[in-house]
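**Student:** Based on what follows, work out the 3D shape:
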Amino acid sequence: MFQFRSLARLFIQAKSTPNPNFLKFVPGGKEVLANGTHDFSRPRDAKISPLAAKLFQIDGVNRVFFGKDHISISKTENTRWEELKPQIFECIMEQFTPNQDGTEKPIFLANVEQSQDTEINENDSEVVQMIKEIIDTRIRPTVQEDGGDIVYRDFDEKSGTVHLYMKGSCAGCPSSGVTLKSGIERMLCHYIAEVKQVEAEDWTG
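**Tutor:** Numbering: from 1, shown residues only. Down below sits the predicted model:
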């Protein structure tokens, strides 16, 4: 499902995701985040972002996720996208319309440090380094394309279990279990003999 909205030279595309309660909004040619992702799982988390705060003010919006070039938004079960889209388009349009003096509106009120979950640390074992590299180069790009993200938590060497967080459209997605087992777990187990299983839970901030 695709829907387009073009106003004041800003071309906004709405794309469906595997999660029926999430849509991915892409403001053409605009960078949302310079690096990483940011997941607002509840309204109180949005105090640091004017855009996220305004989106949460829309009745029916219950989660907001920022990617590099998109904004993924979740709705409540009993809300129709047809009712939300015009208001969402308006918020995004306002965000990316420059101020009267030509300056751009900030996404965040202050510098926000993004997660460096897959950054290699000097105390990481060789197995953990391999896990992080595969997540970052092979798994994460595909997940982010669907409007979500995964976050590396830790690796239990005794059980061979990799623990992850699911963010954005991955959180609460009906197909996330299949993605986890047939995609993420299969790939990590294939390349890393020490990995036996992958477990994940939704990110709550």
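
**Student:** what's next to the top helix by length along the chain, contact-wise?
**Tutor:** Identified as the longest helix of the chain according to DSSP state H is helix 81-96. Helix 81-96 is contacted from outside by 3, 5, 7-8, 10, 12, 14, 23, 25, 27, 30, 50-51, 54-55, 58, 60-61, 71, 73, 75, 104-105, 107, using Cβ atoms under 8 Å, 6 or more residues apart in numbering. Yep, even glycine has a C-beta here, placed from its N, CA and C like the rest.

**Student:** let's see it at 7 Å
**Tutor:** Applying Cβ atoms under 7 Å, 6 or more residues apart in numbering, the contact partners of helix 81-96 are 3, 5, 7-8, 10, 12, 14, 23, 25, 27, 30, 51, 54-55, 58, 60-61, 71, 73, 75, 105.

**Student:** do stretch 47-55 as well
**Tutor:** 40, 46, 61, 64, 73, 88, 91, 95, 105, 107-110, 112.

**Student:** then the very next helix or strand once past the longest helix of the chain to CSV, C-alphas only?
**Tutor:** With elements assigned by DSSP states H and E, the helix or strand that comes after helix 81-96 is helix 126-134. Extracted C-alpha coordinates of helix 126-134, given in CSV (Å, rounded to 0.1, in the frame of the first residue of the first chain):
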residue,chain,number,x,y,z
GLU,A,126,35.0,-12.9,19.4
VAL,A,127,31.6,-14.5,19.3
VAL,A,128,29.9,-11.2,20.5
GLN,A,129,31.8,-9.3,17.9
MET,A,130,30.6,-11.6,15.1
ILE,A,131,27.0,-11.4,16.4
LYS,A,132,27.1,-7.6,16.4
GLU,A,133,28.6,-7.5,12.9
ILE,A,134,26.0,-9.8,11.4
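
**Student:** No further questions, thank you.
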